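# Kindly return the folded structure for what I paste below:
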Amino acid sequence: MSKTETQYSVIHSHKYRMHSHLVNGYGLKVLFLFLALLSVQIARPQSKLSQQLDSINNVIESDNFDEDYKPVLQYLETIKAQGLSEKDLITRTRFLNYYAAALYYCGKYKESIPYFKMYIKRVEEDGWGEMSCEWLAVYQSMADAYYQLEELDSAESALRHAIICYENALDSCPSGYQCYELLSNIAVARHDSTLLTDIHHQTQQCFYNYMVIEDPSDYHKQLKKTFENYSEIVNEALALGEMDTYYKNREYRANFLKNTGWYEEAEFEHKQLILDMLKANNVNKSILQDAYLGLFIAYNKENAFCKVKEEMPHMVGYFSKYCDKESNLNYSCVLNQAAMTYEHSGDSLTAENLYKQAINLCPVDSIKNYFVLNYAYMINRVGVRLLLANKPDTALDYFSKVQLVSQDKRLNGTVLHNIGRANMLKGNYKVALQYLNESAAIQKETDGKIMDKTLSYIKECKDKI
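This next block holds a predicted model:
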């Protein structure tokens, strides 16, 4: 397989999702958990309120906690009066923390802000030791509450205060780069492209710094080094005016973000690169077309149907200018990604048309076969949905389409099973039995066993004949 074929044959493969892997379980719990340790480190009799807060803490720390904060908030409401009047400073502050966080996680953003402020005033003015990561989490949540209420000035003010005051902790916890992410959302809302680019790069650097601190494995160190190398080359090339090198390494960096699973940042980098190159009338179509592919892969991974729909006319307008083999290959790969996104959105008709375009355009047989397989599996899924809707005649039309294009033996066995089921629904049990037996033989050959459902249908057909 050639280098080009290898590049495109893996575009649908699973990548290590480092972003969610490292932060999962941290952001939603940190606001509740960090004062629990502080409260038990100080020797004193535990009040009833403290014990009640401990019980909440135990629930949230439990492996069975489903991150539904409504019951937590309901319970806190019943002890609110006691919590706000508690004489013990630590316990009262702990209640403020829990209550503000519960309101926030239940979407009561406006109600949460006063309690976040009360909590922050208490811990900062009274000098509660070095807990910078925890304070960052609180500021980030309060800023997000402002952002959700479209109070952008207040959100930005809270974030910048946190970044300045807790600069040394930015790389030590997820809340650091999440503060930058939220700043980037604010920049988008304000249409400030210059600020947006700068903040995105700070977000990325902060995340890779955090990743190595959280898990200093050789793999993570190499990821950080690779990202920094690309960024250094990009900055140097721009300073020297070497624009081809600059654009090429921006695309390398964007693909790096995509291949390590950070699709939101990859989307931004690909999109900005496309806009910048088009604005500069740069004619390096290899880089620009690769950027379009990267953008649509990111959209597909995020199920960003609305973004695909918005970008399609621009993408089609660009590729329609070219008809060489490389451009047709790249165009077909972008169409394949768009088709998958449309299918995920439920628009199977548009997805079918896009798959057909991709198949017709693609000049490389091995990649074309991959698109055909995607198309065949989609058509089969449409047929199954029609079966479930008790529309066997229409379903059979779709299964016939699959048989016309599919060369995948396992899929063909599945389709024969589905055709058998469709004929059962029509009352043609003798015909159904023939298809089910053929399916069973293929299943035995490809998987070494026969599906229980197929065996059950075979028995039912024999009983009916």
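# What are the boundaries of the helices in the stretch 251-400 of the chain?
Assigned by DSSP state H, counting those that start in this stretch, the helices in the stretch 251-400 of the chain fall at 263-279, 285-301, 305-319, 325-345, 348-361, 365-388, 392-405.
# mind saving the C-alpha coords of the third one as PDB?
Backbone C-alpha positions of helix 305-319 (Å, rounded to 0.1, in the frame of the first residue of the first chain) are rendered in PDB as follows:
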ATOM      1  CA  PHE A 305     -23.800  18.200  11.500                       C
ATOM      2  CA  CYS A 306     -24.600  21.900  11.500                       C
ATOM      3  CA  LYS A 307     -21.000  22.900  10.900                       C
ATOM      4  CA  VAL A 308     -20.700  20.400   8.000                       C
ATOM      5  CA  LYS A 309     -23.900  21.700   6.500                       C
ATOM      6  CA  GLU A 310     -22.600  25.300   6.700                       C
ATOM      7  CA  GLU A 311     -19.100  24.500   5.400                       C
ATOM      8  CA  MET A 312     -20.300  22.200   2.500                       C
ATOM      9  CA  PRO A 313     -20.900  25.000  -0.100                       C
ATOM     10  CA  HIS A 314     -17.500  26.500   0.500                       C
ATOM     11  CA  MET A 315     -15.700  23.200   0.400                       C
ATOM     12  CA  VAL A 316     -17.500  22.100  -2.800                       C
ATOM     13  CA  GLY A 317     -16.800  25.500  -4.400                       C
ATOM     14  CA  TYR A 318     -13.100  25.100  -3.700                       C
ATOM     15  CA  PHE A 319     -12.700  21.500  -5.000                       C
END
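# can you tell me the average pLDDT over it?
Computed over helix 305-319, the mean pLDDT rounds to 95.
# Show me which residues of it are buried.
305, 307, 308, 309, 311, 312, 315, 318, 319 (16 or more other CB atoms under 10 Å). Bear in mind the C-beta positions are built from the backbone N, C-alpha and C, glycine included.
# Give me the residues contacting stretch 196-206.
For stretch 196-206, the external contacting residues (CB atoms under 8 Å, 6 or more residues apart in numbering) are 170-171, 176-177, 180-181, 183-184, 187-188, 227-228, 231, 257, 262, 265, 268-269, 272.
# Need the buried ones from these selected in ChimeraX.
In ChimeraX, a selection of the buried entries from the contacts of stretch 196-206 looks like this (16+ other CB under 10 Å):
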select :170,171,176,177,180,181,183,184,187,227,231,257,262,265,268,269,272
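# out of the contacts of stretch 196-206, which are inside strands?
Assignment to strands by DSSP state E places none of the contacts of stretch 196-206 there.
# Check the gap between residue 227 and residue 236 for me.
From residue 227 across to residue 236, the span is 15 Å (CB to CB, to the nearest Å).
# just residue 49 next, same as before
From residue 49 to residue 236 the distance is 58 Å (CB to CB).
# higher neighbour count, those two?
Per other CB atoms under 10 Å, whichever of residue 49 and residue 236 has more neighbours is residue 49, with 19 against 13.
# pretty sure that one is touching residue 84, no?
No. Contact criterion CB atoms under 8 Å: residue 49 and residue 84 do not qualify, at 10.4 Å.
# which residues do these two both contact?
Applying CB under 8 Å, 6+ apart, one finds that residue 49 and residue 84 are jointly contacted by residue 95.
# helices and strands of this protein: which one has the lowest mean pLDDT?
Ranked by mean pLDDT, DSSP states H and E, the helix or strand of the chain with the weakest confidence is helix 3-9, at a mean of 27.
# residues touching residue 409, list them.
Residues in contact with residue 409 (CB under 8 Å, 6+ apart) are 442, 445, 446.
# can you do 7 Å?
Contacts for residue 409 (CB atoms under 7 Å, 6 or more residues apart in numbering) come out as 442, 446.
# I'd like the distance between it and residue 415.
11 Å.
# Please apply the same query to residue 364.
Here residue 364 is placed at a distance of 26 Å from residue 415 (CB to CB).
# Then residue 246?
If you go by CB to CB, the gap between residue 246 and residue 415 works out to 50 Å.
# Looking at the two, which one has more neighbours?
Per other CB under 10 Å, whichever of residue 246 and residue 415 has more neighbours is residue 415, with 26 against 21.
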